[in-house]
Every structure is written in structure tokens, then in C-alpha cells.
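>>> no sequence for this one, just the structure:
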């Protein structure tokens with residue numbers, strides 16, 4: 001398999017990144033606009049409440065000062081208390097009240113207006129608390145517009161506070177002293193509310209602009225972080241579509257679990273796709289190789305048949321014995337073609353997976369003894385001693401009797417073919433801790449060490465100059481290996497040239513079948 005290529009941060013421009021940046025910026029900008037639009041109103045209401053509280057406090061202070069001033073002036077009378085209001089018809093303020101409070105331009109009220117009130121001050125005196133609308137005296141001390149400090153502005157609200165003071169002058173004849181209602185009103189005070197609000201809004205606007213700029217930078221970073229895995233996946237998918245099957249996307253070090261799962265799923269898909277393509281390519285290469293090998297194998301008998309046919313058809317061979325030999329050679333070539341076709345069909349079925357095993361938990365001894373029995377006549381013709389060694393108790397193993405018999409027939413046939421007259425071939429079956437082993441042992445010509453790795457390849461018949469080795473289809477051992485591997489087993493071969501060959505088949509233990517304990521082997525001819 002080709003080395004895997006890890007795609008790093010290829011950065012083609014993409015719309016997702018731009019949309020993320022714009023959306024982040026819009027959300028943060030909208031939040032800042034809402035804050036800037038709502039906060040001045042909230043602050044303005046807060047400052048108005050604060051200014052009204054301050055005005056109420058100053059009104060209470062001014063009221064106490066005026067009440068104290070009037071009480072002191074009233075008590076200043078030497079012989080009798082001085083009147084607050086006087087007159088026979090309609091009442092009006094007495095002279096001592098006007099002297100105590102002064103005028104709008106000078107006097108006590110004027111001074112307190114600038115020192116304490118810092119707003120327009122109005123003092124009114126009603127004849128009684130029950131008739132506040134019957135005002136007998138009113139004095140207004142306005143605060144000049146130039147009095148305010150830089151940045152201060154007039155506020156459009158006012159506050160009033162009242163108190164009652166008894167008019168002791170009217171109580172000298174034994175009657176109760178009437179209460180006079182004094183109302184103090186402060187209006188249009190100076191404050192820094194507007195300037196403070198303007199300053200705060202300005203500072204917040206600058207802070208919002210800076211925050212928006214920072215948010216834009218953060219949006220770029222976050223959008224890159226969010227879109228980078230998707231960009232890598234897009235680049236990898238494009239590379240896959242172009243045939244680069246080794247492309248993989250590295251898992252993000254941090255991020256959402258969904259992106260990590262998507263990356264893992266993509267890499268899994270790419271790996272499976274690469275494996276499938278490699279498998280298809282290997283099958284294609286094997287098919288090409290198989291066709292080439294078949295063409296090569298078929299060329300020899302076909303060429304021989306063509307030659308024999310041409311010679312016999314042209315009448316070039318007049319000798320009856322030679323003609324009979326040509327006919328016999330043609331028959332052998334036809335048999336070889338038939339054998340080759342049958343083996344090619346069998347090998348093709350095994351390679352394509354069309355062959356399904358009929359697995360049965362039966363005694364392996366029956367298969368071994370049947371294969372040996374079928375080969376006895378051939379062994380006798382070559383004067384070869386064919387023996388079998390199997391355990392005395394059944395060896396139960398899940399297997400396909402027909403296919404496993406085919407394996408043993410091929411192996412025993414090869415052993416007889418490559419064993420000279422007077423030799424021996426032994427088939428051994430025994431159980432091991434790992435499973436079952438089948439061995440076909442001969443003392444024939446053996447196989448050179450350099451040829452052993454290739455004996456299971458298709459059409460391989462060896463380069464050693466032995467006449468027997470050049471015959472056959474070269475597919476027997478290849479079929480043997482395919483069938484053994486279908487049984488999840490392994491096949492191995494060991495050989496010493498001039499001493500013999502041993503082919504061993506190892507089948508894994510079948511846990512679903514209980515076999516009796518192994519007993520000493522018995523030998524049968």
C-alpha cells in the first residue's frame with residue numbers, strides 16, 4: 001500500500017469562512033448597537049432620578065432655613081410678637097417678613113438661592129393650610145443663567161415643600177393663633193446630567209468601535225478554526241476524485257466532536273476505498289497474468305497438434321509406425337488440453353470464490369484412507385510402497401470431504417510421480433495441540449532449495465531437468481494451497497534434493513467438535 005499523504009492547511013478562498021466572519025461581526029455589531037441605543041436612555045433616567053433626589057434634598061434644606069429665619073424674625077418683637085400677615089380686608093405680608101426674606105436682587109432669600117438652592121426659589125405664604133390657593137405673599141428669587149458652571153444645564157423639573165408657622169400676633173386677645181402655610185419651591189436647577197451622559201455615550205462609542213474591531217479579528221480567527229477542518233475535507237475529497245487514494249485528513253486537535261467524527265468517517269471511507277481499489281487492481285493483474293500463463297500453456301499442445309495434423313494431412317509421413325506414433329502423440333496432447341482445461345476451470349472457481357465448502361464434522365481417517373486406496377494401483381504399477389498412518393480413534397474435524405480428498409489425491413499423485421521405482425510414499429495423519437496435521441512423505445528425487453518458494457505458484461513446474469517435472473499442468477499445488485486456505489489451514493513443503501519431499505497440511509482445531517483422546521497410530525498398507 002502506498003504511503004498515506006496527510007493534507008495540511010491548504011487555504012483556497014471559500015464562502016463558508018467569509019459568511020462566518022460576516023455573521024460573527026453582524027451579531028456582535030448588532031449587540032453593540034442595541035447596547036448603545038438602550039444605555040443612554042437607561043443612564044438618562046438614572047441621572048434624572050439622581051437630580052430629582054438632589055433637588056428634594058436642597059428644597060428641604062432651604063425650607064428649614066426659611067422657617068428658622070421667619071421664627072427668629074417673629075421672635076425679635078420687643079413688646080409683642082410681630083405679625084406674619086396683616087391687614088383688615090385682604091391679608092398681606094408684614095414688613096418684618098419682607099425685611100427677613102429680602103428681595104429677588106438682595107437679601108436672605110437671594111443669598112440662599114445662590115449658596116444652597118442652586119435653582120430658582122419661590123416662597124409663598126397662604127392664609128391657612130386649608131386654603132393653599134389663597135396666597136397672600138409670594139417672592140421669587142430666580143437664579144441667573146450665567147450662574148451655572150461650564151457644562152451645567154437647566155433641568156426641566158421642580159419640587160415643593162411646605163411648613164406651617166403660627167401667627168402669634170393674632171393670639172393676643174385670647175384667641176387661638178392661626179397657622180400660616182409657607183411653601184418653598186425649587187425649580188430649573190443646574191446639573192451636569194447632559195454633559196455626563198454625553199461623555200459616557202462618547203466613551204462607550206469609542207469602546208464599541210474598539211470592541212467591534214477586536215470582535216472582527218476574533219471572528220476571523222474563529223471562522224478559520226471552524227472552517228479549516230471542512231476545507232481540509234473538501235481538499236481531500238477533491239484529491240480522492242482525482243485518483244489520489246492515499247490522501248488522509250488529520251484529526252483536529254481541538255474542536256467539535258461532530259467535526260472529529262466526520263474526519264474519522266472520511267478517513268475510514270478513504271482507507272476502504274483504497275483497499276477496494278488495490279484489491280481490484282491486484283485481481284486485474286492476476287487476471288492478466290493468468291490469461292498470459294494460460295495462453296502460454298495452451299500454445300505448446302496446440303502447436304504440436306497443428307504440426308501433427310499438417311504432417312498427417314499432407315501425407316508426408318508414409319511409415320505406418322511413425323503415423324501411429326503421431327496419432328498417439330496427438331491423443332496425449334488432447335488429454336493434456338482436457339486436463340489443463342479442467343484444472344484451469346477449477347483454479348478459476350477457487351480464485352473467484354464461487355466454490356462453497358460443504359463442511360462436515362466427520363472422521364478425517366475416511367478421507368485419507370480413500371485417497372490412498374485410489375492411488376494404490378498407480379503406486380503398484382511403479383513398484384512404489386504406499387502406506388498410511390492414522391490414529392486408532394476417530395479424528396473429527398470440520399472439513400469438505402470431496403475437496404480435502406482432492407488435495408490428498410494431488411499430493412499423493414505428485415509424490416508417486418517424482419518417486420522412482422522401489423521407493424515409498426507415506427501418508428500420515430495425527431492430532432496436535434493446535435489441531436490436525438496431514439503429511440505426505442516420499443523418498444523421491446526431491447526439489448532444489450531455490451525452487452521451493454515457487455512450487456505453489458500457478459503453472460510452475462520447475463527448471464530442474466527432470467523429465468517428470470516438465471509434465472502436468474502446473475496447477476496441482478496451486479489448487480492444493482487454495483483449498484487448504486479455504487479450510488483456514490496452512491500448507492508447507494520441505495525437501496532435500498535426492499532424498500525426498502514432505503508436504504504438510506495443518507488444519508486449526510475445531511472447538512465445535514470434540515475428538516477422543518489420541519491413541520497410538522496404526523499403519524495400514
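Arrived safely, thanks for sending. Keep in mind that what you see is a predicted model, and the values were worked out from it rather than measured.
>>> quick one: average confidence on the longest strand that the chain contains?
Longest strand of the chain, by residue count under DSSP state E: strand 131-141. Averaging pLDDT along strand 131-141 yields 88.
>>> Packing partners of it?
Judged by 3 or more CB pairs under 8 Å, 6 or more residues apart in numbering; DSSP states H and E, strand 131-141 is in contact with strand 92-93, helix 95-101, helix 108-112, strand 120-128. (Each C-beta comes from the backbone N, C-alpha and C, glycine too.)
>>> Quick check: closest non-adjacent residue to residue 138.
What sits nearest to residue 138 in space, not counting adjacent residues and going by CB to CB, 6 or more residues apart in numbering, is residue 124, at 4.3 Å.
>>> so where is the stretch 251-400 of the chain shaky, pLDDT-wise?
252-256, 286-287, 289-300, 308, 310-320, 323, 326, 332, 335-356 (pLDDT under 70).
>>> Show me the strands in it, by range?
360-363, 385-391, 396-399 (DSSP state E, counting those that start in this stretch).
>>> Now that we have those, can you turn them into JSON lines and tack on distance to residue 150 and mean neighbour count?
Converted to JSON lines, the strands of the stretch 251-400 of the chain look like this (distance: least, CB to CB, whole Å; neighbours: other CB atoms under 10 Å):
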{"stretch": "strand 360-363", "distance to residue 150": "109", "mean neighbour count": "16"}
{"stretch": "strand 385-391", "distance to residue 150": "119", "mean neighbour count": "19"}
{"stretch": "strand 396-399", "distance to residue 150": "106", "mean neighbour count": "22"}
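>>> Quick one: closest of these to residue 436.
Nearest of these to residue 436, taken as CB to CB: strand 396-399 at 5.2 Å.
>>> Next SSE downstream of the closest one?
Reading on from strand 396-399 to the C-terminus, the next helix or strand found by DSSP states H and E is helix 401-417.
>>> helices or strands next to that next one in the packing?
So helix 401-417, by 3+ CB pairs under 8 Å, 6+ apart, packs with helix 364-381, strand 424-431, strand 435-442, helix 476-486, strand 500-508.
>>> Which of the strands of the stretch 251-400 of the chain sits closest to residue 499?
Taking the strands of the stretch 251-400 of the chain one by one with CB to CB, strand 385-391 is closest: 16.5 Å.
>>> that older thread, and the longest strand of the chain, which strands flank it?
Strand pairing for strand 131-141, using DSSP bridges, gives strand 120-128 (antiparallel).
>>> buried set for the strand it pairs with?
120, 121, 122, 123, 124, 125, 126, 127 (16 or more other CB atoms under 10 Å).
>>> Show me which pair in those residues is furthest apart.
120 and 127 (24.3 Å).
>>> circling back to that earlier point, show me how far the longest strand of the chain is from its chain's centre.
Its chain's C-alpha centre and that of strand 131-141 lie 83 Å apart, by CA atoms, centre = their mean, to the nearest Å.
>>> could you point out which element follows it?
strand 153-154.
>>> Partner strands of that next one, with direction?
strand 190-191 (antiparallel).
>>> Which residues are in contact with residue 266?
233, 236, 237, 249 (CB atoms under 8 Å, 6 or more residues apart in numbering).
>>> who wins for proximity to residue 227 among the strands of the stretch 251-400 of the chain?
strand 396-399 (56.1 Å).
>>> Which elements pack onto the closest one?
strand 360-363, helix 364-381.
>>> Report the separation between residue 240 and residue 265.
13 Å (CB to CB, to the nearest Å).
>>> Specify which residue of these two has the higher count of neighbours.
residue 240 (17 against 11; other CB atoms under 10 Å).
>>> Test my guess that that one contacts residue 271.
No - counting by CB atoms under 8 Å, residue 240 stays clear of residue 271, with 11.3 Å between them.
>>> Please convert the helices and strands packed on strand 131-141 to TSV, extending it with distance to residue 57 and mean pLDDT.
Conversion of the helices and strands packed on strand 131-141 to TSV gives the following (distance: least, CB to CB, whole Å; pLDDT from 0 to 100):
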stretch	distance to residue 57	mean pLDDT
strand 92-93	27	86
helix 95-101	21	85
helix 108-112	14	86
strand 120-128	14	90
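>>> I'd like those written out as TSV, with distance to residue 448 added.
Shown next, in TSV, are the helices and strands packed on strand 131-141 (distance: least, CB to CB, whole Å):
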stretch	distance to residue 448
strand 92-93	146
helix 95-101	140
helix 108-112	131
strand 120-128	128
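>>> Which among the ones you listed is found nearest to residue 372?
That would be, of those and by CB to CB, strand 120-128, which comes in at 133.5 Å.
>>> right, and residue 357 touches residue 402 too?
No - assessed by CB under 8 Å, residue 357 is found out of contact with residue 402, at 9.2 Å.
>>> These two: who's more crowded?
Neighbour count, other CB under 10 Å: between residue 357 and residue 402, residue 357 has more, with 14 against 11.
>>> List the residues that contact the more buried one.
400, 403, 486, 487.
>>> So which of the residues you listed is the closest to residue 303?
Closest to residue 303, out of all of the contacts of residue 357 and judged by CB to CB, is residue 403, at 34.0 Å.
>>> Which residue, other than its chain neighbours, is closest to that closest one?
Closest to residue 403 by CB to CB, 6+ apart is residue 483, at 4.9 Å.
>>> check contacts around that neighbour.
350, 400, 403, 404, 406, 407.
>>> Assess the claim that the last one and residue 484 are in contact.
What that stands for is residue 407. Yes - between residue 407 and residue 484 there is a contact under CB under 8 Å: 6.4 Å.
>>> So which of the contacts of residue 266 belong to helices?
Under the assignment DSSP state H, the contacts of residue 266 contribute 233, 236, 237 to helices.
>>> which stretch among the strands of the stretch 251-400 of the chain comes nearest residue 245?
strand 396-399 (38.4 Å).
>>> So in that sheet, which strands flank the closest one, and in what orientation?
Strand 396-399 is paired, per DSSP bridges, with strand 360-363 (antiparallel).
>>> Just give me how far the strand it pairs with sits from the chain centre.
With CA atoms, centre = their mean, you get 50 Å for strand 360-363.
>>> chain center to stretch 212-220: distance?
26 Å.
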